[in-house]
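J.: got a sequence here, can you model it:
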Amino acid sequence: MSYILQIETATTVCSVALANDGELLAVREIDQRNIHAEIITIYINELIASGGISYNDLDAISVSCGPGSYTGLRIGISTAKGLCYALDKPLIAIETLDAMADGIIELNNYDSNTLLCPMIDARRMEVYTALFDNTGNKIKATSADIIDESSFAGQLQNHKVLFFGDGAEKCKSVLTHPNALFLDGYINSAAHLTRQSAEKFAKKNFEDVAYFEPFYLKDFLVTQKKG
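T.: Now for the predicted structure:
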């Protein structure tokens, strides 16, 4: 048996899940801005109690590592690293967009020609995004893109493309090709880390807890008001 605690805080969603041998046991999550620090340890305690296990029974901690919200990522990864240090457990990192693609693949409600395009809101018309085929293989590397009428033009000529995530809504007005599909209401969930976390655990593909940092993708910019 391999119990893995899974943490997802890359967006406005604070989500924690418990899995065993690649099977999701339970999840606690809420979609509310700026609540991560307040609620994450409460959810973790609830999951441990509901699973009938102790913290020492955990075999690894898995965390969504970005890209995404700077504050959210810092909270989730700091929590994960703290648990790894305290419990002497390995750390598993899953790229956020990869986990989002897994969440859609689990739904299995699209045809085989459809490409999957998770989007995380950045600023203005910019999103963190990547492109996956219907089996989860990444065919366009993770990047920070400014979306306009020409974005994904080549892919949309030959495929349906399903856009989803908290960055997709603002792109509807510019991505108007008939093959552009949008899924409303998608939220990032720690449940979507389950498959990749189990695979990385089996391969002992762990991170160096001391040196691991979030995948911010872009430098954090601080602006100050004048006057």
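J.: ok, now which ones touch the spatially most central residue of the chain?
T.: By CA atoms, centre = their mean, the mean C-alpha position of the chain lies nearest to T96, the distance being 2.9 Å. Contacts here follow CB atoms under 8 Å, 6 or more residues apart in numbering; on that basis T96 touches 8, 10, 64-68, 118, 120, 128, 188, 215. For every residue, glycine as well, the C-beta is placed using N, CA and C.
J.: closest one of these to L91?
T.: The closest of the contacts of T96 to L91 turns out to be C65 (CB to CB; 9.6 Å).
J.: can you pull up the bridge partners for the closest residue to the closest one other than its chain neighbours?
T.: Distances taken as CB to CB, 6 or more residues apart in numbering place A93 nearest to C65, at 4.1 Å, with adjacent residues excluded. Assessed by DSSP bridges, A93 has beta-bridge partners V63.
J.: using CSV, write out every CA atom in the helix of greatest length in the chain.
T.: The helix that spans the most residues within the chain, counting by DSSP state H, is helix 70-87. Provided in CSV are the C-alpha atoms of helix 70-87 (Å, rounded to 0.1, in the frame of the first residue of the first chain):
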residue,chain,number,x,y,z
TYR,A,70,2.6,32.9,-7.0
THR,A,71,1.0,33.0,-3.6
GLY,A,72,-0.9,29.8,-4.0
LEU,A,73,2.1,27.9,-5.2
ARG,A,74,4.2,29.2,-2.3
ILE,A,75,1.6,28.1,0.2
GLY,A,76,1.1,24.6,-1.3
ILE,A,77,4.7,23.8,-1.9
SER,A,78,5.8,25.2,1.5
THR,A,79,3.2,23.0,3.2
ALA,A,80,4.3,20.0,1.2
LYS,A,81,8.0,20.5,1.9
GLY,A,82,7.3,21.1,5.6
LEU,A,83,5.4,17.8,5.8
CYS,A,84,8.3,16.0,4.0
TYR,A,85,10.8,17.4,6.4
ALA,A,86,8.8,16.6,9.5
LEU,A,87,7.8,13.1,8.4
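J.: what does that helix contact?
T.: Under the contact criterion CB under 8 Å, 6+ apart, helix 70-87 has outside partners 5, 7-12, 14, 34, 36-37, 40-41, 44, 55-56, 58, 61-67, 89-91, 209, 212-216, 220.
J.: can you select the buried ones among those for me in PyMOL?
T.: Buried residues within the contacts of helix 70-87, by 16 or more other CB atoms under 10 Å, are selected in PyMOL with:
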select buried, resi 5+7+8+9+10+11+12+14+36+37+40+44+58+61+62+63+64+65+66+67+89+90+91+209+212+214+215+216
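J.: good, we can wrap up now.
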